[in-house]
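K.L.:
sequence plus predicted model, see below.
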Amino acid sequence: MKYLIAFWKDLNLSARIGFSIVTFFAFCAVFAPWLAPYGESEIVGDVWDPIGGEFLLGTDQIGRDLLTRLIFGARNTMALAIVSTMVSFGAGAILGFVAATRGGLTDHVLSRMVDVVISIPTLIASLIVLSAVGTTTTTLILVIGIIYAMPVFRIARAVAMDIEVMDYVEAARLRGEGLWWLMTREILPNALTPLAAEFGLRFCFVFLLIASLSFLGLGLQPPLADWGGMVRGNAGGIAWGFMHPLLPAACIAALTIGINLLIDRWVHKASGLRDDQ
């Protein structure tokens, strides 16, 4: 608890707002089965029951409780985004460190391969691959992880190239240390700060891509709750004056803003600039 209090005191106002938003959604995601008043796919009312009536946030296009769907949507969307981001960072950081440490032909081949993949717009690449191989959860994680491993590769390579010319890395080479030792013991500890900031930013991109794919029908499939899919499913209500699709859209926007406020604080502190409360 004392570490959490110390962490809170170290945050400025905007970062505290961001931390509160992220903590709220994380709490909903972890305890979704106990917080949700109904089952994830349980039909409990009529189509688009009004907000504030029998159901606090109304019902969706087939009569499911929207509050329940939003809570489970936080669980499903955030879990998928975190796992996909971890896959992208695992692959991208390792390949980036290898390219920077080995140099020469290895660096040239990996860099050119990344240039080819990164030249294709992210959403288009995702749509092409997912349309061809299907939209299971495993496929989503792998496709999104591989696509976003490319920009992670470039950042990891750039950071590692600045580090691998340092004297302590040269000393490790002279001692006869291998590639894995150099990457994990010398480069990684000194690259954690920029990579941690990039992780938060990349999580936002992954999260928004998942929401976009779900809106287009290629994300998490029904009956799983997903914020992007909920916007798509309830979009027809706008024509009838229902504001139901704005609720999951607001959740997407709020979580994105909260994460960005935390990232800004992290980058600001790492840069050594004076705090501006």
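P.N.:
Thanks, I have the structure now.
K.L.:
so L57, which state does it fall into?
P.N.:
Following DSSP: H, G, I helix; E, B strand; the rest coil, we place L57 in the coil state.
K.L.:
touching, it and I51? I think so.
P.N.:
Yes: contact criterion CB atoms under 8 Å: L57 and I51 qualify, at 5.6 Å. C-beta coordinates here come from the backbone N, C-alpha and C atoms, glycine included.
K.L.:
which residues are common contacts for those two?
P.N.:
L66, H244 (CB atoms under 8 Å, 6 or more residues apart in numbering).
K.L.:
so which bits of the longest helix seen in the chain are buried?
P.N.:
Longest helix in the chain by number of residues (criterion: DSSP state H): helix 66-102. By neighbour count on 16 or more other CB atoms under 10 Å, the buried set for helix 66-102 is 66-78, 80-85, 87-89, 91-101.
K.L.:
cool, and stretch 40-53?
P.N.:
Neighbour-count burial for stretch 40-53 flags E40, G45, W48, D49, I51 (criterion: 16+ other CB under 10 Å).
K.L.:
what do you get for stretch 141-161?
P.N.:
Buried, per 16+ other CB under 10 Å, within stretch 141-161: 141, 143-157, 159-161.
K.L.:
please state the offset of that stretch from the chain centre?
P.N.:
Chain-centre distance of stretch 141-161: 14 Å, with CA atoms, centre = their mean, to the nearest Å.
K.L.:
list the contacts for the residue nearest in space to the middle of the chain?
P.N.:
The centre of the chain sits closest to F203, judged by CA atoms, centre = their mean, with a distance of 2.3 Å. For F203, the contact set (CB under 8 Å, 6+ apart) comprises A81, I82, T85, I259.
K.L.:
one more: A93?
P.N.:
Listed by CB under 8 Å, 6+ apart, the contact set of A93 reads V152, F153, A156, L188, L195.
K.L.:
what segments of the stretch 151-277 of the chain are helices?
P.N.:
Assigned by DSSP state H, counting those that start in this stretch, the helices in the stretch 151-277 of the chain fall at 167-174, 179-181, 188-215, 227-234, 246-271.
K.L.:
out of those, which one sits most buried?
P.N.:
Of all the helices of the stretch 151-277 of the chain, helix 227-234 has the most neighbours on average by mean count of other CB atoms under 10 Å, namely a mean of 24.
K.L.:
wait, is H108 part of a strand?
P.N.:
No: assigned with three-state DSSP, H108 falls outside any strand and is helix.
K.L.:
contacts only, for it.
P.N.:
Under the criterion of CB under 8 Å, 6+ apart, the contact list for H108 is empty.
K.L.:
how much space between it and V114?
P.N.:
Distance of H108 to V114, computed by CB to CB, to the nearest Å: 11 Å.
K.L.:
again, but for A74
P.N.:
Relative to V114, A74 is positioned 33 Å away (CB to CB).
K.L.:
what of N190?
P.N.:
22 Å.
K.L.:
what of R102?
P.N.:
On the measure of CB to CB, R102 and V114 end up 15 Å apart.
K.L.:
what pLDDT does the residue nearest to the centre of the chain get?
P.N.:
We note a pLDDT of 88 for F203 in this prediction.
K.L.:
kindly report the same for F7.
P.N.:
Predicted confidence (pLDDT) for F7: 67.
K.L.:
pLDDT below threshold where in the stretch 1-150 of the chain?
P.N.:
Residue ranges of the stretch 1-150 of the chain with pLDDT under 70: 1, 3, 7.
K.L.:
which of the buried residues of stretch 40-53 lies closest to R175?
P.N.:
Using CB to CB, E40 is the member of the buried residues of stretch 40-53 that lies nearest R175, at 55.6 Å.
K.L.:
which residues touch that closest one?
P.N.:
T68, R69, F72, P223, L224, A225.
K.L.:
CSV for these, including distance to T184?
P.N.:
Shown next, in CSV, are the contacts of E40 (distance: CB to CB, whole Å):
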residue, distance to T184
T68, 44
R69, 42
F72, 38
P223, 42
L224, 37
A225, 39
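K.L.:
nearest to L246 among those?
P.N.:
Nearest to L246 out of the contacts of E40 is R69 (CB to CB; 13.9 Å).
K.L.:
number of residues surrounding the residue lying closest to that closest one once chain neighbours are set aside?
P.N.:
Among residues not flanking R69 along the chain, A225 sits closest, at 4.5 Å (CB to CB, 6 or more residues apart in numbering). Counted by other CB atoms under 10 Å, the residues lying close to A225 total 27.
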